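Trainee: Please work out how this folds:
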Amino acid sequence: RDKWLHAVTLAALTLLGCAFFFGVLSSNCLHLPVDDEENQQCAVRNKQVISSCAGGLCAFLIGLIKEVGDFFDFWPQCRELGCTPSGGDVLANLIGVVIGELIFALLFWVYSKRKSR
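Mentor: Numbers count the residues shown, from 1 in each chain. Below is the predicted model of the structure:
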C-alpha cells in the first residue's frame, strides 16, 4: 500500500508540475513572436518538453527530500513512530514520475489532435 501511495502521489505532483511549468512558459510575459505555423508548433513542442522535464524533476526531488527526511527522522511523525526510508520508496517515486509524464504526454497529444481538427 505504501508503494502505491508513493507512486500515485508522485504521478499527481508530476502532472501539477508539468501543468505549472507549461503555463509559465505559455504566459504572455515569456511569449516569443512566431511567424509561421510550423515554427509555432515547434515552439509548443519545446514548451511541452521543457515543462515535462522540469515538472518531473521537481516532483522527483520532492520525493527524494521526503526520503532523506525519513532517513534523518526530520519529520515530527518520524520522531514519534519512526520512519524507514527504503530504495523501494525511491523506486516507487520514480515509477510515479514516469506515469505522470506518460499521462501528461497523452493529454498533450489528445489536446493537439483535437486542436488540429
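
Trainee: residues making contact with the helix or strand bottoming out on mean pLDDT in the chain?
Mentor: Averaged element by element with mean pLDDT, DSSP states H and E, the chain has its least confident helix or strand at helix 76-81 (a mean of 79). For helix 76-81, the external contacting residues (Cβ atoms under 8 Å, 6 or more residues apart in numbering) are Gly69, Asp70, Asp73, Cys83. All C-beta atoms are positioned from the backbone trio N, CA, C, and that covers glycine.

Trainee: do that again at 6 Å, thanks
Mentor: Counting contacts by Cβ atoms under 6 Å, 6 or more residues apart in numbering, the residues outside helix 76-81 that touch it are Asp73.

Trainee: Check stretch 91-106 too.
Mentor: Looking at what lies outside stretch 91-106 - Cβ under 6 Å, 6+ apart - the contacts are 3, 6-7, 10-11, 14-15, 18, 52, 56, 59-60, 63.

Trainee: Give the rounded mean pLDDT of the helix or strand containing Val98.
Mentor: Using DSSP states H and E, Val98 sits in helix 87-116. Along helix 87-116, the predicted confidence averages to a pLDDT of 88.
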